[in-house]
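Colleague: this one's sequence-less:
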């Protein structure tokens with residue numbers, strides 16, 4: 001594989017090109033929005049717990065609604081669900097920006113709107129998981145995953161850094177407003193993706209029967225997953241690694257503001273350093289013909305742990321930024337192979353449900369963890385919390401190497417996914 005594969009994908013595949021533009025724009029707006037929200041909440045409350053709770057609010061819908069939205073994504077038109085999710089998220093971002101602009105000081109609107117935006121994401125993700133392998137050729141999946149991860153994080157670099165600058169110049173409401181335009185453009189681009197929807201037999205059932213069918217379909221997907229230990233192991237490792245990454249999503253404002261006594265613009269650059277690392281990692285994946293995906297997955301987790309360790313022991317902001325760069329390289333180097341493994345195992349009729357169940361498992365602890373990370377940060381500080389996170393990530397490395405199905409996974413050995421029940 002080489003970097004020319006990225007350009008070839010974008011030139012030759014209309015659907016990939018539109019989805020790539022849509023998700024890059026959406027990521028740009030989202031990181032603009034996230035930096036603004038996290039800084040605003042910490043500035044208003046001065047509490048790591050409050051900052052953790054607003055981060056957790058976005059993940060609660062994933063746990064509660066994700067599996068049901070996964071079943072919906074396997075029945076309904078996936079592209080239409082993606083457009084609906086983007087439009088709803090744009091409207092909600094605009095509502096929060098207006099609330100902050102009018103001078104509201106209460107934090108409950110931030111929690112509420114963030115939670116509903118999380119529900120929009122819980123709808124978008126399984127629909128996207130189902131449609132992506134339908135518009136990307138099997139042999140291009142690894143390159144496409146690397147391209148999308150890299151581009152989203154390039155947007156993270158720009159969105160996080162510019163978001164911090166805009167907050168300093170014009171306030172949090174102005175920074176949040178960028179997400180409205182970005183998500184609206186993303187919805188328009190996704191609407192033009194060529195995708196042929198084949199309605200399942202359940203589409204003709206009555207409303208009550210549909211609800212019963214959704215439960216049966218989720219049970220079918222869970223039984224299918226239980227027969228494939230590799231999927232369960234990947235989900236479990238994902239859950240623990242998400243816990244380990246909690247400080248990066250919750251305690252960055254505390255680290256920058258209290259430990260390094262730096263302004264909001266430094267927070268933007270600190271967060272952008274992760275994106276810079278992901279860009280570097282994505283380009284590296286683009287140059288390598290990875291076959292032993294399982295070993296690559298484990299080594300990437302180790303690199304994430306190294307980045308967390310460097311942040312934990314850093315005495316200067318520059319060293320912490322370097323730790324985030326290493327963390328970013330590890331993130332994309334783990335996410336792209338992990339996504340490719342799942343996409344090569346799961347058949348299309350089950351993809352929305354299995355994706356949402358896997359996401360629910362890997363993200364199950366996040367809402368609790370984010371609040372817990374805030375409490376730990378208040379008790380032992382941001383540096384100590386990053387150190388604990390590094391130890392958890394080391395455990396993920398050991399688990400990945402211990403699971404034979406992950407350790408020995410090769411793309412060259414993979415076969416087309418079996419049908420449901422196969």
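Modeller: Perfect, I can see it now. On a predicted model such as this, the values are computed, not experimentally measured, just so you know.
Colleague: list the helices and strands the one helix or strand residue 124 maps to packs on?
Modeller: Under the criterion of DSSP states H and E, residue 124 resides in helix 108-135. Packing partners of helix 108-135 (3 or more Cβ pairs under 8 Å, 6 or more residues apart in numbering; DSSP states H and E): helix 14-45, helix 48-57, helix 60-75, helix 78-101, helix 348-363. Where C-beta positions appear, they are placed from N, C-alpha and C, glycine not excepted.
Colleague: Point out the other helices and strands that the first one packs with.
Modeller: Meaning helix 14-45. Applying 3+ Cβ pairs under 8 Å, 6+ apart, we find helix 14-45 packed against helix 4-12, helix 48-57, helix 78-101, helix 108-135, helix 141-170, helix 172-191, helix 252-254, helix 264-287.
Colleague: Among these, which comes closest to residue 29?
Modeller: Distance to residue 29, taken as Cβ to Cβ, is lowest for helix 172-191 among these, at 2.6 Å.
Colleague: Show residues contacting that closest one.
Modeller: Defining contact as Cβ atoms under 8 Å, 6 or more residues apart in numbering, one finds that helix 172-191 is touched by 18-19, 21-23, 25-26, 28-30, 32-33, 35-37, 39-40, 79, 82-83, 86-87, 89-91, 93-94, 96-98, 100-101, 159, 163, 166-167.
Colleague: and those residues, which are buried?
Modeller: If you count burial by 16 or more other Cβ atoms under 10 Å, the buried members of these come out as 18-19, 21-23, 25-26, 28-30, 32-33, 35-37, 39-40, 79, 82-83, 86-87, 89-91, 93-94, 96-97, 100, 159, 163, 166-167.
Colleague: before we move on, the earlier item: could I get the helices and strands packed on helix 14-45 as a markdown table with distance to residue 65 and mean pLDDT?
Modeller: A markdown table is the format used below for the helices and strands packed on helix 14-45 (distance: least, Cβ to Cβ, whole Å; pLDDT from 0 to 100):
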| stretch | distance to residue 65 | mean pLDDT |
| --- | --- | --- |
| helix 4-12 | 32 | 73 |
| helix 48-57 | 13 | 73 |
| helix 78-101 | 12 | 90 |
| helix 108-135 | 5 | 86 |
| helix 141-170 | 23 | 77 |
| helix 172-191 | 19 | 88 |
| helix 252-254 | 27 | 85 |
| helix 264-287 | 27 | 79 |
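Colleague: Is it possible to get TSV of the ones you listed that adds distance to residue 242?
Modeller: Shown next, in TSV, are the helices and strands packed on helix 14-45 (distance: least, Cβ to Cβ, whole Å):
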stretch	distance to residue 242
helix 4-12	28
helix 48-57	12
helix 78-101	21
helix 108-135	14
helix 141-170	16
helix 172-191	23
helix 252-254	16
helix 264-287	15
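Colleague: out of the ones you listed, nearest to residue 224?
Modeller: Closest approach to residue 224 among the helices and strands packed on helix 14-45 (Cβ to Cβ): helix 108-135, 14.9 Å.
Colleague: which helices and strands sit right next to the helix or strand encompassing residue 378?
Modeller: Per DSSP H and E: residue 378 is located in helix 366-402. Packing contacts for helix 366-402, counted by 3+ Cβ pairs under 8 Å, 6+ apart, involve helix 48-57, helix 60-75, helix 229-244, helix 246-250, helix 252-254, helix 293-313, helix 404-407.
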